[in-house]
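J.: What follows is a predicted structure for the sequence shown.
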Amino acid sequence: MSEPPACGVPAGASPRGVPLAGGQFDNQMRKLKLLLRIFAGTIGVIGLYIIFSIVIALYIFPDATPDYANYFKPGDKLYSKFEGFDQTVISINGDWMNTRLEVAPGAAGPPEHFHADFEERFTVTKGTLSILVNGEKK
């Protein structure tokens, strides 16, 4: 007399008790294992891609912060007819660059942007200046 399987499922039947003929259960298990291997491999490849991307971005090709003291010179002009401004570099002192910015009345100004390596400060000497700070008009 043969003993029943340890899992309590008769040979040739699915775990739900539905008879499977000719090794269908084994085929389904092989397919499931294959899908799990494909999923795990995909997750592994994505993980490696992220890790290598971080290593490359931070250590192999890091963003170089420009040396602003040598990038701009006093007297340099930045002009944008489209944005409606005329900016002149007045002085550079270490990490500080002082400029004079003239904005045409009603000018659109530059598009929304941010600076990762420095901050901007404004002193309005004539008229009114509106700027966006974190999406809020000030």
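T.: Structure's in. What do you need? Numbering: from 1, shown residues only.
J.: show me where this protein has strands.
T.: Secondary structure of the chain by DSSP state E: the strands cover 77-80, 85-93, 96-103, 132-133, 136-137.
J.: Quick one: closest of the ones you listed to Glu120.
T.: When the strands of the chain are compared by CB to CB, strand 96-103 sits nearest Glu120, at 9.7 Å. Heads up, the C-betas are built off the backbone N, CA and C, glycines and all.
J.: Now do the buried residues in the closest one.
T.: Judged by neighbour count using 16 or more other CB atoms under 10 Å, the buried positions of strand 96-103 are Met97, Thr99, Val103.
J.: where's the dip in pLDDT among those?
T.: On pLDDT alone, Met97 ranks lowest of those, at 85.
J.: Roughly how far does that one sit from Pro62?
T.: Distance of Met97 to Pro62, computed by CB to CB, to the nearest Å: 23 Å.
J.: Identify the single longest helix in the chain, thanks.
T.: Counting by DSSP state H, the longest helix found in the chain is helix 24-55.
J.: Check the offset of that one from the chain's centre.
T.: 25 Å (CA atoms, centre = their mean, to the nearest Å).
J.: Poorly predicted segments of this protein, please.
T.: Along the chain, segments meeting pLDDT under 70 span 1-22, 66, 68-69.
J.: could you redo the last one with a cut-off of 90?
T.: 1-30, 57-73, 78, 81-85, 92-98, 101, 103-138 (pLDDT under 90).
J.: any residues touching stretch 54-70, and which ones?
T.: With contact meaning CB atoms under 8 Å, 6 or more residues apart in numbering, stretch 54-70 is reached by Ile92, Gly94, Asp95, Met97, Asp117, Phe118.
J.: Burial check on the third one, number of neighbours?
T.: Counted with other CB atoms under 10 Å, residues neighbouring Asp95 total 9.
J.: Using CSV, write out every CA atom in stretch 33-52.
T.: Output of stretch 33-52 as CSV, limited to C-alpha atoms (Å, rounded to 0.1, in the frame of the first residue of the first chain):
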residue,chain,number,x,y,z
LYS,A,33,9.0,29.3,-11.4
LEU,A,34,10.1,30.7,-14.8
LEU,A,35,7.9,33.8,-14.3
LEU,A,36,9.4,34.3,-10.8
ARG,A,37,12.9,34.0,-12.2
ILE,A,38,12.2,36.5,-14.9
PHE,A,39,10.7,38.9,-12.4
ALA,A,40,13.6,38.5,-10.0
GLY,A,41,16.1,39.0,-12.8
THR,A,42,14.3,42.1,-14.0
ILE,A,43,14.3,43.6,-10.5
GLY,A,44,18.0,42.7,-10.2
VAL,A,45,18.9,44.4,-13.5
ILE,A,46,16.9,47.5,-12.5
GLY,A,47,18.7,47.6,-9.1
LEU,A,48,22.1,47.3,-10.7
TYR,A,49,21.2,50.0,-13.2
ILE,A,50,20.3,52.4,-10.4
ILE,A,51,23.4,51.6,-8.4
PHE,A,52,25.7,52.0,-11.4
